[in-house]
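Novice: What would the 3D arrangement of this be:
(chains A and B)
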Amino acid sequence: MKWLHHLLRGVSLTAALFVFQACYGSPQIPKPDEMDLDAVEVRSDAASEEEVGAEVAETAAETVEDNG
Amino acid sequence: MNPFLFRLFRDNETRVHELNYLFWECTTRCNLHCRHCGSDCSVQSREPDMPLQDFLRALDTIPPGHRPPGFTVVLTGGEPLLRPDLEEAGREIRRRGFGWGMVSNGYFYTEEKQRRLLEAGMGALTISLDGLEESHNWMRGNPNGFARAVEAIRLAASNPRLAFDVVTCVNRRNLKELSEIHRLLEGLGVAQWRLFTIIPIGRAAGEKEMHLTDAEFVSLMEFIREKRRSGGSMKTTFSCEGFLGRYEEQVRDVRYFCHAGINIASILIDGRICGCPNIDRDAFSQGNIYSDNFYTVWERRFQPFRDRRWAKKGSCASCGEWRNCLGNGMHNWHGTCEEVLQCHYLKTRPSK
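Specialist: Numbers count the residues shown, from 1 in each chain, chains lettered A, B, ... in the order given. Predicted coordinates:
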């Protein structure tokens, strides 16, 4: 019954029923359109994309492959 | 909530089966080699990353009228941060009106990376922390894993725009560290901490230290209940992995409801369409984006997820909690599906 689904969704008290989270997933984003895309700070000493890329190989070498 | 009313709600949601949470297993490459990995991911994966355009073609099959507010695409793996086109993927997902989030080990989550991901519209993030330093690094197989994860958590928790939480896989080794992890995360400004346990699949199947005894599981429930009662700045919850009997509504906000195949789908690395990625993909995949229309599969298949009477067998056949549990989470059924892999209700029964 879609009408019941929409009715319940519209009642704020039941919102927790709908904002679920899969066992291994990230939280849901209730209202993605309200995200403030400008609220981002930038720091000048952050790592560059190239630095991060080089680290992938480095980490792989550190990681114990027979961990299981 | 009254169990009867909740069952009415659950059954109605099942009939409506509105898709609003989609996993994309975008890579099975991973820079770490975790003991509990359900996917057996590795640095050199056998499967190539799924091309972004292939995923987008599947996403575009969802009609505009079937994209409810809050529809969230969750990038998972493997380690999503290893994808070189992650920001492009995020932007394309946002451009289509979906929110998107990611599950990460945090190793490569730097301030610059966060800035780029936020610019690409990332709205949700989960970072894994599996213990204090020694336990986490043992679990993750990397001596720097803990330090990097903590730094990522500090960074993410400081950004009010992100729906952010930390997830911890509780095992026999880190069980005694939970109070200290709680203090650490509160100190880092984390608002939500989610705990789960491991199911004996993938790499974790042969790891005895991964699996809590029944008494240990009950102590985990008591820990979460106590933290929720005592309040504090951080909400502690148990994941939706199974029906918890007397702990229902004590350790989570709402009663148990496995949303797999009812609201949740996944597009797996090889194109298969399933419920959550930790569900047995050989037994329960419903189609493949390379041969089927994704949304048609969602609408017309998924019967084993939406009518779970097939699971009323083995120890579930005569269980008095069947109507509340429906055979536990779908990820607890594997292989020939003759018996549920684990029963959280039995673990928590007072008589045990």
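
Novice: Report the rounded mean pLDDT for the strand or helix carrying B:Glu186.
Specialist: Assignment of secondary structure by DSSP states H and E places B:Glu186 within helix B:178-187. Across helix B:178-187, the average pLDDT comes to 98.

Novice: Disregarding residues adjacent in the polypeptide, which is nearest to B:Leu175?
Specialist: Taking CB to CB, 6 or more residues apart in numbering or on different chains as the measure, B:Leu175 lies nearest to B:Glu216, with 5.8 Å between them; neighbours along the chain are not counted. Quick note: C-beta positions are derived from backbone N, CA and C, even for glycine.

Novice: Same check on B:Pro63?
Specialist: B:Tyr295 (6.8 Å).

Novice: what does the stretch 201-350 of chain B have sitting close to chain A?
Specialist: Contacts of the stretch 201-350 of chain B with chain A, taken as CB under 8 Å from any CB of the partner chain, map to B:203, B:206-207, B:239-241, B:253-254, B:257, B:259-260, B:263-264, B:276-278, B:329, B:331.

Novice: switch to 7 Å and redo it
Specialist: Residues of the stretch 201-350 of chain B that fall close to chain A, judged by CB under 7 Å from any CB of the partner chain: B:203, B:239-241, B:253-254, B:259, B:264, B:276, B:278, B:329, B:331.

Novice: By neighbours, which of these wins?
Specialist: Neighbour counts for those were taken using other CB atoms under 10 Å in any protein chain shown; the highest belongs to B:Gly329, which has 29 neighbours.

Novice: Quick one: residues contacting it.
Specialist: Applying CB atoms under 7 Å, 6 or more residues apart in numbering or on different chains, one finds that B:Gly329 lies in contact with A:23, B:241-242, B:258.

Novice: so B:Ile198 sits in a helix?
Specialist: No: with DSSP: H, G, I helix; E, B strand; the rest coil as the criterion, B:Ile198 is coil rather than part of a helix.

Novice: Can you list the buried residues in the helix holding B:Glu186?
Specialist: By neighbour count on 16 or more other CB atoms under 10 Å in any protein chain shown, the buried set for helix B:178-187 is B:178, B:181-182, B:184-185.

Novice: any idea how far it is from the chain center?
Specialist: With CA atoms, centre = their mean, to the nearest Å as the basis, the distance from the averaged C-alpha position of helix B:178-187 to the chain average is 21 Å.

Novice: Ok, stretch B:82-95 next?
Specialist: Shown here is stretch B:82-95, whose average C-alpha point lies 21 Å from the average C-alpha point of the whole chain (CA atoms, centre = their mean).

Novice: For it, which outside residues touch it?
Specialist: Contacts of stretch B:82-95 with the rest of the structure, by CB under 7 Å, 6+ apart, involve A:56, B:26-27, B:29, B:31, B:49, B:52, B:56, B:73, B:80, B:100, B:116-117, B:120-122.

Novice: Identify those among those that sit within helices.
Specialist: Among these, the ones falling in helices (DSSP state H) are A:56, B:52, B:56, B:116-117.

Novice: Is the closest residue to B:Arg67 other than its chain neighbours in a helix, a strand, or coil?
Specialist: Distances taken as CB to CB, 6+ apart put B:Gly97 closest to B:Arg67, at 5.6 Å, once the chain neighbours are dropped. Secondary structure for B:Gly97, judged by three-state DSSP, is coil.

Novice: Where does pLDDT dip in chain A?
Specialist: Within chain A, the stretches falling below the threshold (pLDDT under 70) are A:8-19, A:31-62, A:64-68.

Novice: repeat that with 50
Specialist: Within chain A, the stretches with pLDDT under 50 are A:36-48, A:66, A:68.

Novice: can you pull out the helices in chain B?
Specialist: Taking DSSP H, the helices of chain B run over residues B:3-16, B:52-59, B:86-95, B:111-119, B:133-140, B:145-157, B:178-187, B:214-230, B:281-284, B:294-300, B:303-306, B:322-325, B:344-348.

Novice: want to throw those helices into TSV with distance to B:Ser104?
Specialist: Putting the helices of chain B into TSV (distance: least, CB to CB, whole Å) gives the following:
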stretch	distance to B:Ser104
helix B:3-16	29
helix B:52-59	18
helix B:86-95	10
helix B:111-119	10
helix B:133-140	12
helix B:145-157	7
helix B:178-187	16
helix B:214-230	24
helix B:281-284	22
helix B:294-300	25
helix B:303-306	27
helix B:322-325	31
helix B:344-348	27
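
Novice: hang on, the earlier thing: check contacts around the residue nearest to B:Pro63.
Specialist: With the criterion set at CB under 7 Å, 6+ apart, B:Tyr295 makes contact with B:61-63.

Novice: Kindly provide the distance from the nearest residue to B:Pro350 once chain neighbours are set aside to chain A.
Specialist: Nearest residue to B:Pro350, sequence neighbours excluded (CB to CB, 6+ apart): B:Arg246, at 6.9 Å. Relative to chain A, B:Arg246 is positioned 21 Å away (CB to the nearest CB, to the nearest Å).

Novice: Would you check that B:Arg246 makes contact with B:Tyr345?
Specialist: No: the criterion here is CB atoms under 7 Å, and B:Arg246 misses it with B:Tyr345 at 9.0 Å.

Novice: more neighbours, these two?
Specialist: Comparing B:Arg246 with B:Tyr345 by other CB under 10 Å, the one with more neighbours is B:Tyr345, at 24 against 12.

Novice: any idea how far the more buried one is from B:Thr296?
Specialist: Between B:Tyr345 and B:Thr296 the computed distance is 36 Å (CB to CB, to the nearest Å).

Novice: Put the alpha carbons of the helix holding B:Glu186 into PDB.
Specialist: As requested, C-alpha coordinates have been extracted for helix B:178-187 and formatted as PDB (Å, rounded to 0.1, in the frame of the first residue of the first chain):
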ATOM      1  CA  LEU B 178      35.300  -1.200  23.900                       C
ATOM      2  CA  SER B 179      35.200   1.300  26.800                       C
ATOM      3  CA  GLU B 180      38.500   2.800  25.900                       C
ATOM      4  CA  ILE B 181      37.500   2.900  22.200                       C
ATOM      5  CA  HIS B 182      34.300   4.700  23.200                       C
ATOM      6  CA  ARG B 183      36.400   7.300  25.100                       C
ATOM      7  CA  LEU B 184      38.700   7.700  22.200                       C
ATOM      8  CA  LEU B 185      35.900   8.200  19.700                       C
ATOM      9  CA  GLU B 186      34.100  10.700  21.900                       C
ATOM     10  CA  GLY B 187      37.300  12.600  22.300                       C
END
